[in-house]
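Student: with the input below, show me the fold.
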Amino acid sequence: MIRVAQLDIDDPNCEQEIINLISLAFRSEKVKKGYLKEYIQAASTSQPSIFLGAFEGEQMIGCNAFIANDFSFNNSSALCFQSCWSATNPQYRGQGVFFKIQERAKIVLKEKGALLIFGLPNQISRPIFTERLHFSEEELHSVRIPNIKFLRNIWINKFSEQNHILHNTLISNEPQIIELKKNLNPAIIQIKINYSLIWGKISTRRKFGYDWRVFSIGGLSINSQRDFQLLISEVFKQKCHFIEIASCKLNTNNYLFRFWKNINHSKFIFFFLNAEKDSFKNFNLMGGVSDTF
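Tutor: Numbers count the residues shown, from 1 in each chain. All right, here's what the predicted structure looks like:
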């Protein structure tokens, strides 16, 4: 009989069990002690992130983290949880361990007052979310802008007041996401102009025998056309060859850029707990919110 319970990652023994399970499931090196908490917990969230574990007897056979995010919805705080860090003991795959954890999470997180559960699952787990767990999904779009002086502005649209029609729009809390990302990557770049900001990271990718520096924008929050133009100018000053953005298709800020392409292998998924799906018109979420960013 498989049971699901909340895990205490402050307990060294419990933390070690999770680390061992993740290492076994993915045949990878063990993560360092304290890493999991830094990875999923921002100090400013209204409620802590949680880990759920599946047990057969006393043996932990599966686990899944749920990262707490304080977004906003219709001018109110909206507690949401991101499903991530899922692992199942290889000997128990195909026995519904992941399914049972997610079903328990729906109950636990709804009791905590969460508006919804969301995620950016891989191609293996996405069919389970959508077909068995009845999550809805929205497409993920991307755009890559060459940082070439005489070309880059072709990808930029003029600011539109439509971007500020945010009724029934789930809006990410960018400072809180930045706080979480900086726990693990102090090199996160944050550019602020007045009350607007753009943030992200620079990585190097080798292609065609050359190292290309890419500034991946993790998120943005824009209040005016002037702010946006100044921020974009600062982004183009970064020492990179390309600017890359991934965003939910239903993000009102997508209007600021042109030539979006659909990312076929990845989509946002949502399960609505203390809210109705039809209440949501837009999701202002970008790739930086993902646990893998």
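Student: how about Ser212, what does it touch?
Tutor: For the record, residue 212 is Trp, not Ser. Thr204, Arg205, Arg206, His241, Phe242 (Cβ atoms under 8 Å, 6 or more residues apart in numbering). In short, each C-beta sits where N, CA and C put it, glycine included.
Student: oh, I was asking about Val108
Tutor: Residues in contact with Val108 (Cβ under 8 Å, 6+ apart) are Gln6, Ile50, Leu52.
Student: and the last one, what element?
Tutor: Assigned by DSSP states H and E, Leu52 belongs to strand 50-56.
Student: let me see the mean pLDDT of that strand.
Tutor: The average pLDDT within strand 50-56 is 97.
Student: keeping just the C-alphas, turn it into CSV.
Tutor: The C-alpha trace of strand 50-56 is given here as CSV (Å, rounded to 0.1, in the frame of the first residue of the first chain):
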residue,chain,number,x,y,z
ILE,A,50,6.9,21.7,0.2
PHE,A,51,8.2,18.2,-0.7
LEU,A,52,5.8,15.3,-0.9
GLY,A,53,7.1,11.7,-0.6
ALA,A,54,5.6,8.3,-1.5
PHE,A,55,6.3,5.4,0.8
GLU,A,56,5.9,1.7,0.7
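Student: of the contacts of Trp212, which is the nearest to Ile217?
Tutor: Phe242 (10.9 Å; Cβ to Cβ).
Student: that closest one contacts Val214, doesn't it?
Tutor: Yes. If you go by Cβ atoms under 8 Å, Phe242 and Val214 touch, sitting 4.9 Å apart.
Student: quick check: neighbours shared by the two?
Tutor: With contacts defined as Cβ under 8 Å, 6+ apart, the residues shared by Phe242 and Val214 are Arg144.
Student: following element in sequence after the top strand by length along the chain, please.
Tutor: Counting residues, the longest strand found in the chain (DSSP state E) is strand 59-73. Using DSSP H and E, the helix or strand that follows strand 59-73 in sequence is strand 76-88.
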